[in-house]
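**Q** Quick one, what's the 3D model for this:
(one chain, ligands or ions: 2)
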Amino acid sequence: MNAMTLKQRIRRVKSPYSSTILTGARPFFTLTPMTAPRTVLLTGAAGGLGTLMRELLPSYGYRLRLFDRLPIEGEPDAIVADLADKEALRKAVHGVDAVIHLAGISLESTFEKILKANIEGTYHLYEAAREEGVRRIVFASSNHAVGFTPRPRDGSAAIPVNTPRRPDTFYGLSKGFGEDLAALYWDLHGIETVSVRIGSCFPRPTSVRMLSIWMSPGDCARLLHAALTAEDVGHTVVYGSSANTRLWWDLSSARALGYEPQDDSEEYAAELLAEQGELDPENPEHAHLGGAFCTDPPVWPY
Ligand code: NAI
Ligand code: 15L
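**A** Ligands and ions are numbered 1, 2, ... in the order given. Here you go, the predicted model:
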């Protein structure tokens, strides 16, 4: 447990854009309410998950500001910029209540590309948030931060959220970096983050492995909403998935935020098992959480 109280942390953060003054002597050290963020920056808005969330999150009352290096059809106000562009990021976070950070390379790539987009890019985002007084970030981490963890076999315990990191790729390594950056910005600057180790979030699961880690788009929106609105999260790491019958990990830290998953991949099980068969424990692609990311090179389907 950290020694400093939440209020003490908040006092240390310079935010010229909010109005509640906590300390008379230092008018720019302020508290921005975190329980009901309205304007949320969605980075990676042009991507697969960004597109799904653009459809679902507005029904929770959020006004989304969109950011991606690619333009988005029908969204002339979206900010088209790279995470390397610090000035664009600073403008993008100006005045928002929270950020959902999805932008980045979402699969394995070269170290140099991962370094630019996922490591430096995430650092630039946190720096912009610090400079502009943003109080809450939801970071899209990944199961690949712990991808070399052996998958639970029948009867063995679910993987806890504090399992040691075992990245399966440079990509997974960058997600571990993002989680640690989030912890640092909480401890040092009082910026709260929920790091969501997403399993596989697609309209439907497409592999037997995904039956254990799938998160339906509806459940993803529910989890992001919980991560944006839960009180006093500090830095919290959660797994992101639906309430799958074959779940491999422990969802309790996500549930503690108020997340109540509604979906279960089991409705796709018969079809996928008939197509692909049961996972074979002798096959290295099937032995670990990260699936084929644990092979060199990683191959589809994951
Ligand atoms: P995606 O690849 O479809 O979308 C990523 C978006 O980020 C793209 O629109 C891309 O243009 C943008 N982007 C990449 N580099 C950028 C840069 N340097 N500057 C600005 N924009 C940049 O990926 P997807 O599936 O939508 O995933 C979103 C996030 O969630 C990623 O961070 C990914 O690692 C994470 N995630 C996704 C999972 C999933 O099942 N979809 C599972 C685990 C993690
Ligand atoms: C991820 O981290 C990827 O971004 C996504 O495309 C899927 O491959 C997912 O993991 C997975 O493990 O299925």
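
**Q** all contacts plus neighbour counts: C-alpha atoms, from now on.
**A** Fine.

**Q** for Arg99, phi and psi?
**A** No, residue 99 isn't Arg; it's Val. phi -130, psi 140 (degrees, to the nearest 10).

**Q** Hmm, it is touching Gly44, no?
**A** No. The pair Val99 / Gly44 is not scored as a contact, 11.1 Å apart, by C-alpha atoms under 8 Å.

**Q** the more surrounded of these two?
**A** Between Val99 and Gly44, counting by other C-alpha atoms under 10 Å, Val99 is the more crowded of the two (27 against 23).

**Q** separation between the more buried one and Gly258?
**A** 19 Å (C-alpha to C-alpha, to the nearest Å).

**Q** Could I get the phi/psi values of the residue in the stretch 151-300 of the chain positioned nearest to ligand 2?
**A** At 4.2 Å from ligand 2, Ser200 is the closest residue in the stretch 151-300 of the chain, using C-alpha to the nearest ligand atom. Here is the backbone geometry of Ser200 (degrees, to the nearest 10): phi -130, psi 110.

**Q** Please apply the same query to the one 5 residues further on.
**A** Geometry field for Pro205 lists phi and psi as phi -70, psi 140, criterion degrees, to the nearest 10.

**Q** Ile198 too?
**A** phi -70, psi 140.

**Q** what does Trp248 give?
**A** Dihedral angles (degrees, to the nearest 10) for Trp248: phi -100, psi -20.

**Q** Settle this for me: it is touching Arg151, isn't it.
**A** Yes. Using C-alpha under 8 Å, Trp248 is in contact with Arg151, at 6.8 Å.

**Q** anything in contact with each of these two?
**A** By C-alpha atoms under 8 Å, 6 or more residues apart in numbering, Trp248 and Arg151 have these common neighbours: Ile159.

**Q** so which helix or strand takes in the closest residue to Asp263 other than its chain neighbours?
**A** Excluding the flanking residues, the one nearest Asp263 by C-alpha to C-alpha, 6 or more residues apart in numbering is Ser242, at 5.4 Å. Using DSSP states H and E, Ser242 is not contained in any helix or strand.

**Q** Val194 now?
**A** strand 192-198.

**Q** Indicate the residue of the stretch 1-150 of the chain located nearest to ligand 2.
**A** Closest point on the stretch 1-150 of the chain to ligand 2, by C-alpha to the nearest ligand atom, is Ser106, at 4.0 Å.

**Q** Doesn't Arg65 belong to a helix?
**A** No. According to DSSP: H, G, I helix; E, B strand; the rest coil, Arg65 belongs to no helix; its state is strand.

**Q** just the helices in the chain please.
**A** Here the chain has its helices, by DSSP state H, at 6-11, 48-56, 86-93, 111-114, 121-132, 170-189, 210-213, 217-229, 252-255, 269-276, 284-287.

**Q** among the ones you listed, which is the most enclosed?
**A** Mean neighbour count (mean count of other C-alpha atoms under 10 Å) peaks for helix 210-213 among the helices of the chain, with a mean of 26.

**Q** what's it in contact with?
**A** Residues beyond helix 210-213 that count as contacts (C-alpha under 8 Å, 6+ apart) turn out to be 199-200, 205, 240-242, 244-248, 265-266, 268-269, 302.

**Q** Tell me the one of those residues nearest Ile159?
**A** Nearest to Ile159 out of the contacts of helix 210-213 is Trp248 (C-alpha to C-alpha; 6.3 Å).

**Q** contacting residues around the residue most central in space within the chain?
**A** Computing the C-alpha centroid of the chain and ranking residues by C-alpha atoms, centre = their mean puts Ala140 first, at 1.9 Å. Residues in contact with Ala140 (C-alpha under 8 Å, 6+ apart) are 100-102, 195-198.

**Q** Neighbour-wise, which one of those leads?
**A** Most surrounded of the contacts of Ala140: other C-alpha under 10 Å gives Ser195, at 27 neighbours.

**Q** Hmm, it is touching Ser141, no?
**A** Yes. The pair Ser195 / Ser141 is scored as a contact, 5.8 Å apart, by C-alpha under 8 Å.

**Q** Mutual contacts of those two, please.
**A** Shared contacts of Ser195 and Ser141, counting by C-alpha under 8 Å, 6+ apart, come down to Glu179.

**Q** Can you tell me which residues in the chain are near ligand 1?
**A** 44-50, 68-70, 81-83, 102-106, 117, 140-142, 198-202 (C-alpha under 6 Å from any ligand atom).

**Q** Tell me the buried residues within the residues you listed.
**A** Among the residues of the chain next to ligand 1, the ones that count as buried by 16 or more other C-alpha atoms under 10 Å are 44-47, 49-50, 68-69, 81-83, 102-106, 117, 140-142, 198-202.
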